[in-house]
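Visitor: Kindly generate the corresponding structure for this input.
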Amino acid sequence: MAREKINPQVFNLGKQDEILRAEGRAAKEAGLETASFQSSRLKPRIEKLTQTQAVRRLWEKDASLWKREPDQQAGIARSLGWLRVAETMAERVSELRKFVQEIKEAGFSHVVHVGMGGSSLAPLVFERVFGPNPHGLPLLVLDTTDPASVAAVEEQVRLSTTLFIVASKSGTTSEPIAFGDYFYARVKALKGGKAGENFVVITDPDTPLVRLAEERGFARVFLNFPDIGGRYSALSYFGLLPAALLGLDLKGILDEVFPMSRACQGPMTENPGALLGAALGEMALAGRDKVTFLLPKELSSLGMWLEQLIAESTGKEGTGLLPIAGEEPGSPLVYGNDRLFVSIQMKGRVDPGLEDKVRLLQAANFPVIFIEVREAAGIVQEFFRWEVATAVAGAVLGINPFDQPNVQESKDATNRLLKSVEERGTLTEPAPVMTHGPLSFFGQEKAESPEHLLWSFVGEARPGDYISLQAYLTEDADTEELLQAIRLRLRDSLHVATTIGYGPRFLHSTGQFHKGGPNTGLFIQLTCRDAIDLSIPGKPYTFGIFKKSQALGDLEALARHGRRTMRIDLGDEVKKGLGLLKRLIEGALALG
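Guide: Next comes the predicted model:
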């Protein structure tokens, strides 16, 4: 038989444990080295999962693996279609190839994919990892209500020859609906009644988006599978339609998935997904709930996808795994005992600087999981491996990894604020407790200086806490550099984990963990006064007001859960405001 390829996975969970390798039966047949699990930390958990037949129950879609309550089990049973979606999509490859050929023959020059969370992150990974392809069309992904970002997309394409994919599982997600309305109006101004030719939809059957597509004469509606949740949809139409338009070989992609799928049906002691899930869950129960991804730059977008999958799946009932993505590795001295590290590298393209830092972490007895991706196409194996791992980790933690009970809270608060805008014509904001230059501080008691105000907040961080920078800003290189400098200064001084999330993207990702996970977060929300703004067709408010309402709505939801929050408005010039904030934080940390 032909040898199958499985990306290796090695566990080093401390000095008292062996170096453990999980490959799966398919990898054994490929001749890859495999060692048995004899971990003092994991052995009891693996034995329990084996005794309770967790792998069999997962693949038989037995909801009792996670919950006993009938209503919970019913919801779980309707959420496990992702286990076999690769086989289903293999039957749709010719359909997607034909559609791509039709689009190219019709003269389209670009593709813009608009969605949020699970509807947009897999396309983002495909676009950033695989890049432009001579057999496909350039792909842009829009998943922010930031008006400058919306305008930037419009500037990069020729509207009349751009295909827009409007993606929403529910067909009601407010952001992609707003994006679709905006670009439909822009295209209609150019093409009149033929504007619908430039639009396709990915959604579940019988959603409002299906009906909207029919009314506007959209070119195509791709009905996804209702038994697949958004964050588990990477290998469904939500991920593979954009991949096909990008010019990727869908058959080759799915051929990579099948060996991992088969290996993840094998015994616990050889199962690359289930063993990973057991390790994640057991480490979280031991207090190591900050899953810190160490990724080369070329795989950074995979970190964003993993962030959403893990945080939204596990962050509930006061527990969960917080993924830390994009945090540059530091000295072992800056980390606390709440860290579990995951190193993912490309075979033959190992980043030596990153590898050296990982070795230092190993030497300091930090638990590390190693995964090697043999080639770019192997990324899809990681999609499947981590979906299985997240499901199994949910079983270990005793939570339902397929719902998102707290995500709606921020949406409801945002909708109330937008309704107020419709009625009053303006968005009401609280008065700041302090101003300093362009900066305005909200939500804290007054202090003698901005440094004291900041220290009164960040100084509350304790071991096991994390600081979340929530940036309702335009995502660009300068802003990212300043945010990273701030997060590393906070991490290195306070020895706590840090995250950066661009709003509103993170609301569909780590937002669930922020409100449903353990109350260990300190949330610094960063807003600004937008330099440009754009109207949303049919609405009495702009994208800027929409974004600000999402920010204030999330603050309201965090407050209801007793979370520690501070909002800082950076003023008109974001770079100047962030530079000043960085200096003030350095002064605040000096007070400690």
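Visitor: tell me the strands in the stretch 351-500 of the chain, going along the chain?
Guide: Using DSSP state E, counting those that start in this stretch, the strands of the stretch 351-500 of the chain run over 368-373, 434-436, 439-442, 466-471, 497-502.
Visitor: mean pLDDT for the ones you listed: which is lowest?
Guide: For the strands of the stretch 351-500 of the chain, the weakest mean pLDDT is recorded on strand 368-373, namely a mean of 91.
Visitor: Run through who's touching that one.
Guide: Outside strand 368-373, the residues that touch it by CB atoms under 8 Å, 6 or more residues apart in numbering are 7-12, 276, 279, 299, 340-347, 358, 361-362, 379, 381-382. Any C-beta I mention is one placed from the backbone N, CA and C, and that applies to glycine too.
Visitor: Which one, of the strands of the stretch 351-500 of the chain, ends up nearest to residue 199?
Guide: Closest approach to residue 199 among the strands of the stretch 351-500 of the chain is made by strand 497-502 (25.5 Å; CB to CB).
Visitor: right, and the helix or strand after the closest one?
Guide: The element immediately downstream of strand 497-502 (helix or strand, assigned by DSSP states H and E) is helix 511-516.
Visitor: Now that following helix - C-alpha only, PDB.
Guide: C-alpha atoms of helix 511-516 as PDB (Å, rounded to 0.1, in the frame of the first residue of the first chain):
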ATOM      1  CA  GLY A 511     -14.800  36.800  23.200                       C
ATOM      2  CA  GLN A 512     -16.500  33.700  24.400                       C
ATOM      3  CA  PHE A 513     -13.500  32.800  26.700                       C
ATOM      4  CA  HIS A 514     -13.400  36.400  28.000                       C
ATOM      5  CA  LYS A 515     -16.900  36.100  29.400                       C
ATOM      6  CA  GLY A 516     -17.400  32.400  29.900                       C
END
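Visitor: which residues are contacting it?
Guide: Residues from elsewhere that reach helix 511-516 (CB under 8 Å, 6+ apart): 311-312, 314-318, 320, 322, 404-407, 409-410, 468, 501, 521, 523, 554, 557-558, 561, 563.
Visitor: the domain parsing of the chain - what is it?
Guide: 9-78+264-397, 84-253, 407-591 (automatic domain parsing).
Visitor: Adding mean neighbour count, write those domains out as CSV.
Guide: Converted to CSV, those look like this (neighbours: other CB atoms under 10 Å):
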stretch, mean neighbour count
domain 9-78+264-397, 20
domain 84-253, 20
domain 407-591, 19
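Visitor: hmm, which helix or strand of the protein has the shakiest average pLDDT?
Guide: helix 25-29 (a mean of 40; mean pLDDT, DSSP states H and E).
Visitor: Quick check: what element follows that helix along the chain?
Guide: helix 43-51.
Visitor: Which strands and helices lie in contact with that following helix?
Guide: If you count contacts as 3 or more CB pairs under 8 Å, 6 or more residues apart in numbering; DSSP states H and E, helix 43-51 packs onto helix 272-285, helix 379-397.
Visitor: So which elements touch the longest one?
Guide: Using 3+ CB pairs under 8 Å, 6+ apart as the contact criterion, the secondary-structure elements in contact with helix 379-397 are helix 43-51, helix 54-59, helix 121-130, helix 250-263, helix 272-285, helix 300-314, strand 368-373.
Visitor: Take those and lay them out in JSON lines including distance to residue 228.
Guide: Below are the helices and strands packed on helix 379-397 laid out as JSON lines (distance: least, CB to CB, whole Å):
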{"stretch": "helix 43-51", "distance to residue 228": "24"}
{"stretch": "helix 54-59", "distance to residue 228": "15"}
{"stretch": "helix 121-130", "distance to residue 228": "12"}
{"stretch": "helix 250-263", "distance to residue 228": "14"}
{"stretch": "helix 272-285", "distance to residue 228": "17"}
{"stretch": "helix 300-314", "distance to residue 228": "13"}
{"stretch": "strand 368-373", "distance to residue 228": "24"}
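Visitor: Go through these and name the closest to residue 152.
Guide: Minimum separation from residue 152 across the helices and strands packed on helix 379-397 (CB to CB) falls at helix 121-130, 15.1 Å.
Visitor: Taking their axis directions, the closest one and helix 250-263 sit at what angle?
Guide: Here helix 121-130 points in a direction 110 degrees away from that of helix 250-263 (axes from the mean of the first three to the mean of the last three CA atoms, to 10 degrees).
Visitor: which residues touch helix 121-130?
Guide: The contact list for helix 121-130, computed with CB under 8 Å, 6+ apart, reads 113, 115, 139-141, 143, 233-234, 238-239, 242-243, 246, 248, 298-302, 304-305, 308, 376, 379, 383, 509.
Visitor: Put the alpha carbons of whichever strand or helix holds residue 559 into PDB.
Guide: Using DSSP H and E, residue 559 falls within helix 543-560. C-alpha atoms of helix 543-560 as PDB (Å, rounded to 0.1, in the frame of the first residue of the first chain):
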ATOM      1  CA  PHE A 543     -19.300  51.600  10.000                       C
ATOM      2  CA  GLY A 544     -17.400  53.800  12.500                       C
ATOM      3  CA  ILE A 545     -20.500  54.000  14.800                       C
ATOM      4  CA  PHE A 546     -21.100  50.300  14.300                       C
ATOM      5  CA  LYS A 547     -17.500  49.500  15.400                       C
ATOM      6  CA  LYS A 548     -17.800  51.800  18.400                       C
ATOM      7  CA  SER A 549     -21.100  50.300  19.400                       C
ATOM      8  CA  GLN A 550     -19.500  46.800  19.300                       C
ATOM      9  CA  ALA A 551     -16.700  48.000  21.600                       C
ATOM     10  CA  LEU A 552     -19.000  49.600  24.100                       C
ATOM     11  CA  GLY A 553     -21.400  46.700  23.900                       C
ATOM     12  CA  ASP A 554     -18.600  44.200  24.700                       C
ATOM     13  CA  LEU A 555     -17.500  46.400  27.700                       C
ATOM     14  CA  GLU A 556     -21.100  46.200  29.000                       C
ATOM     15  CA  ALA A 557     -21.100  42.400  28.600                       C
ATOM     16  CA  LEU A 558     -17.700  42.000  30.400                       C
ATOM     17  CA  ALA A 559     -19.000  44.200  33.200                       C
ATOM     18  CA  ARG A 560     -22.000  42.000  33.700                       C
END
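Visitor: just checking, what packs against it?
Guide: Applying 3+ CB pairs under 8 Å, 6+ apart, we find helix 543-560 packed against helix 147-156, helix 174-191, helix 407-424, helix 511-516, strand 521-527, strand 564-569.
Visitor: roughly how far is the next helix or strand after the second one from the heart of the chain?
Guide: This means helix 174-191. Downstream of helix 174-191, the next assigned helix or strand under DSSP H and E is strand 199-203. Here strand 199-203 shows a centroid-to-chain-centroid distance of 21 Å under the convention CA atoms, centre = their mean, to the nearest Å.
Visitor: Next: stretch 308-325.
Guide: Relative to its chain's centre, stretch 308-325 lies at 10 Å (CA atoms, centre = their mean).
Visitor: thinking residue 67 is in contact with residue 401, fair?
Guide: No: counting by CB atoms under 8 Å, residue 67 sits too far from residue 401 to count as a contact (10.2 Å).
Visitor: got a list of contacts for stretch 429-442?
Guide: 443-447, 450, 453, 548, 552, 566-573, 576-577, 580-581, 584.
Visitor: switch to 10 Å and redo it
Guide: Applying CB atoms under 10 Å, 6 or more residues apart in numbering, the contact partners of stretch 429-442 are 417, 443-454, 457, 525, 527-529, 548, 552, 555, 565-574, 576-578, 580-581, 584.
Visitor: And the average pLDDT for stretch 167-183 is what?
Guide: Mean pLDDT, computed over stretch 167-183, is 97.
Visitor: can you give me how far it is from the chain middle?
Guide: Put simply, stretch 167-183 sits 18 Å off its chain's centre (CA atoms, centre = their mean).
Visitor: cool, stretch 585-592 as well?
Guide: Offset of stretch 585-592 from its chain centre (CA atoms, centre = their mean): 32 Å.
Visitor: Alright, calling it a day.
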